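**Q** All I have is the shape, not the residue letters:
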């Protein structure tokens, strides 16, 4: 999901409601003003200016201070109603401000806004620590948590109480004054380093490689159109460029027969953040790692990884490593088999070279064609962006009963963004915002975020969710055709949105996707499965010109090749996940990121024809915030759940089996974090997940 997190896990100041009476500034500054308009209120995206952020954040922090002070000053016995409930309601204006701040950081990151981030990120980190280390406030939370009366609370109230207590403790509430001071200083310094890491990465991703006419030879027409459209967007009319982001680079590496230019494009992409210049991230990463291990030790943990995983499903780094290592060996073996097939093609063509990383995608497609008579470029005309969006709507309707209706007049932060109202059983559920295209100032990748989470604590509040992608716009009047990988990504990120829309909880801190990092990817990865269901393929995977559905023989080829290239996909990902974990298990040592990456990959037996999906100097999941730090393994952990869960639908005989879908909704999708994730899964499956389904889904030997 890769959402940037501004609030520590202990403070759930995220829902939206009116600011307290007398907070007059909120009426004039759109960043903290209550949402207004239809659908229970919507963000004022059309009114926000960069100059609004600093005064808004400062005012919202002051308001939250007053709310916290009132909780602390209350002389009544500490109870859920006098402590936890008021905390759930505190910081509403600050929550709104954080959401706007995140939108601008991820989507509209101009130099002007980056200057605001440089000033405010350390201040916001310091403010968060001020709350987390408020001894009088924690004493009240602890009293509620330890009270025998806690047993009288509803299960959700007990879970909410634990969330607050656990968050405070993990943030250092029980430390000595000196240790608290040092933790706060570390967090403030880390915030500044994260901001600089992001700034450097965005700068490198804003570069591009200009293509000659010879570099365009052999490319599919839609890819040429996209390269020309990207050039036009940068004022380079008549030219063609590859922007230094995955959505632009990967298709070129897959389809360009010009090996020298493939190498040039590949090297620019894998070198992001690792260029030795002003945007090099290696020194920043080294500092981040040192600060993280120091903080972990102050908090009582041997490493940052142990701290991060304690409240995850995995619980310990050792369990996460055990899963990754179980999958690594068969994945590497699969890569070696595929590399042999690719090298055989190169030799048969008298290429005279050994397969290199910039060749891998290009020759993998040749092997796919040779083995399965499948050219994924033949599939692309059937993957028109708007049709894929409607396919997602269709699957969500059949599974969960959601209906989507486009709406106009709702403010958006960019003209590319469109909005749909979501209903279920005739009742309004929320809004879905879709921002599909790459542009200057927008970070790469795809993600889900929310502008408001569902709750019923202070009346019925519905959710506002957004999916943001980086597809390349085609020329004027031409359809946007995406790759098969892009289509899977759309379904994945939409799965996060559906998880948020399904939420049926009372309290905001346990709403929607506010769950353990290694569980949150499970509903999204599961949603990818519905892309290939016959109902979707027949109705929505249709040719953009003829409007005819994808031919059955092509579908059969896709199914037959279903486990092809899983070695590459798994190794590319797992290399990143393993290096992430090893970096954060290394302890209190000074790390040279490049050297560490190189040496540890060699120990793992990393195939030389592949690089990590996210090399260390560009690993935004891990170094743009604490977000996925020591947690990139989460995708594999969640995929274990996904594969096992999917087999429940397979066993039921249909991807849309009504009893199974209803059980999924009731036990998992609607639960948020009101119940322990492991128990949610047991409620659905009747047992813990098993690794066998994961191995089978990837075509690896079944170790179950």
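**A** Done, it's in. Bear in mind the structure is a predicted one, so any value in this text is a computation, not a measurement.

**Q** secondary structure class for residue 423?
**A** Assigned by DSSP: H, G, I helix; E, B strand; the rest coil, the conformation of residue 423 is strand.

**Q** show me what contacts it?
**A** Neighbouring residues of residue 423 by C-beta atoms under 8 Å, 6 or more residues apart in numbering: 402-403, 405, 429. (Each C-beta comes from the backbone N, C-alpha and C, glycine too.)

**Q** Now with 6 Å, please.
**A** 403, 429 (C-beta atoms under 6 Å, 6 or more residues apart in numbering).

**Q** which residues pair with it across the strands?
**A** Beta bridges link residue 423 to residue 403, residue 428 when assigned by DSSP bridges.

**Q** how near is the residue nearest to residue 35 when sequence neighbours are not counted to residue 481?
**A** Spatially, and ignoring its direct neighbours in sequence, residue 35 is nearest to residue 41 (3.1 Å; C-beta to C-beta, 6 or more residues apart in numbering). From residue 41 across to residue 481, the span is 37 Å (C-beta to C-beta, to the nearest Å).

**Q** that older thread, distance of the residue nearest to residue 35 relative to residue 521?
**A** Separation of residue 41 from residue 521 (C-beta to C-beta): 30 Å.

**Q** Ok, residue 179 next?
**A** Relative to residue 521, and taking C-beta to C-beta, residue 179 is found at 33 Å.

**Q** Which residue of the two possesses the greater neighbour count?
**A** A direct count of neighbours by other C-beta atoms under 10 Å for residue 179 and residue 521 places residue 521 higher, at 27 against 17.

**Q** That one touches residue 634, doesn't it?
**A** Yes: with contact defined as C-beta atoms under 6 Å, residue 521 reaches residue 634; the gap is 5.5 Å.

**Q** and residue 239, how many residues sit next to it?
**A** When neighbours are counted by other C-beta under 10 Å, residue 239 registers 16.

**Q** How about it, nearest residue that isn't a chain neighbour?
**A** Counting by C-beta to C-beta, 6+ apart, the residue nearest residue 239 is residue 231, at 4.2 Å.

**Q** any idea which element that neighbour lies in?
**A** helix 221-233 (DSSP states H and E).

**Q** Pull the residues that contact that helix.
**A** 216, 239-241, 243, 251, 472-475, 478, 481.

**Q** got the buried residues for it?
**A** 222-233 (16 or more other C-beta atoms under 10 Å).

**Q** repeat for stretch 316-331
**A** Of the residues in stretch 316-331, 317, 319-321, 323-324, 326-328, 330-331 count as buried by neighbour count, 16+ other C-beta under 10 Å.

**Q** separation between residue 102 and residue 161?
**A** 27 Å.

**Q** Tell me which of those two has more neighbours.
**A** Legend: neighbour count by other C-beta under 10 Å for residue 102 and residue 161, higher for residue 161 (21 against 17).

**Q** List of residues touching the helix or strand containing that one?
**A** Using DSSP H and E, residue 161 falls within helix 155-170. For helix 155-170, the surrounding residues in contact (C-beta under 6 Å, 6+ apart) are 9-10, 80, 84, 138, 141, 144-145, 506-507, 509-510, 674.

**Q** The same query, at a cut-off of 7 Å, please.
**A** Outside helix 155-170, the residues that touch it by C-beta atoms under 7 Å, 6 or more residues apart in numbering are 8-11, 80, 84, 87-88, 132, 138, 141-142, 144-145, 150, 153, 299, 311, 505-507, 509-510, 673-675.

**Q** what separates the closest residue to residue 412 other than its chain neighbours from residue 110, distance-wise?
**A** Spatially, and ignoring its direct neighbours in sequence, residue 412 is nearest to residue 45 (5.4 Å; C-beta to C-beta, 6+ apart). Per C-beta to C-beta, residue 45 is found 15 Å from residue 110.

**Q** who's more crowded, the two?
**A** Between residue 45 and residue 110, residue 45 has the larger neighbour count (other C-beta under 10 Å), namely 19 against 12.

**Q** for that one, phi and psi?
**A** For residue 45, the backbone dihedrals (degrees, to the nearest 10) come out as phi -60, psi -30.

**Q** Test my guess that it contacts residue 415.
**A** No: Residue 45 lies out of contact with residue 415 (C-beta atoms under 7 Å); the separation is 11.2 Å.

**Q** Which residues are in contact with each of these two?
**A** Overlap of the contact sets of residue 45 and residue 415 (by C-beta under 7 Å, 6+ apart) is empty.

**Q** Could you tell me which of the buried residues of stretch 316-331 belong to helices?
**A** Secondary structure assignment by DSSP state H places 317, 319-321, 323-324, 326-328, 330-331 of the buried residues of stretch 316-331 in helices.

**Q** how about the residues you listed in JSON lines, adding pLDDT?
**A** Listed next are those as JSON lines, based on pLDDT from 0 to 100:
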{"residue": "317", "pLDDT": "97"}
{"residue": "319", "pLDDT": "96"}
{"residue": "320", "pLDDT": "97"}
{"residue": "321", "pLDDT": "97"}
{"residue": "323", "pLDDT": "96"}
{"residue": "324", "pLDDT": "97"}
{"residue": "326", "pLDDT": "95"}
{"residue": "327", "pLDDT": "96"}
{"residue": "328", "pLDDT": "97"}
{"residue": "330", "pLDDT": "96"}
{"residue": "331", "pLDDT": "97"}
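
**Q** Tell me which two in those are the farthest apart.
**A** For those, with distances taken as C-beta to C-beta, the pair at the greatest spread is 317 and 330 (21.7 Å).

**Q** Leaving out chain neighbours, which residue sits closest to residue 184?
**A** Excluding the flanking residues, the one nearest residue 184 by C-beta to C-beta, 6+ apart is residue 129, at 3.8 Å.

**Q** quick revisit: may I see the ChimeraX selection of the buried members of the contacts of helix 155-170?
**A** To isolate the buried ones among those in ChimeraX, judged by 16+ other C-beta under 10 Å, type:
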select :8,9,10,11,80,84,87,88,132,138,141,142,144,145,153,299,505,506,507,509,510,673,674,675
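
**Q** residue boundaries of the helices in the stretch 101-250 of the chain?
**A** Using DSSP state H, counting those that start in this stretch, the helices of the stretch 101-250 of the chain run over 111-132, 135-146, 155-170, 177-205, 221-233, 246-255.

**Q** other SSEs contacting the last one?
**A** For helix 246-255, the contact count by 3 or more C-beta pairs under 7 Å, 6 or more residues apart in numbering; DSSP states H and E identifies helix 221-233, strand 241-243, helix 259-270, helix 360-372 as packing neighbours.
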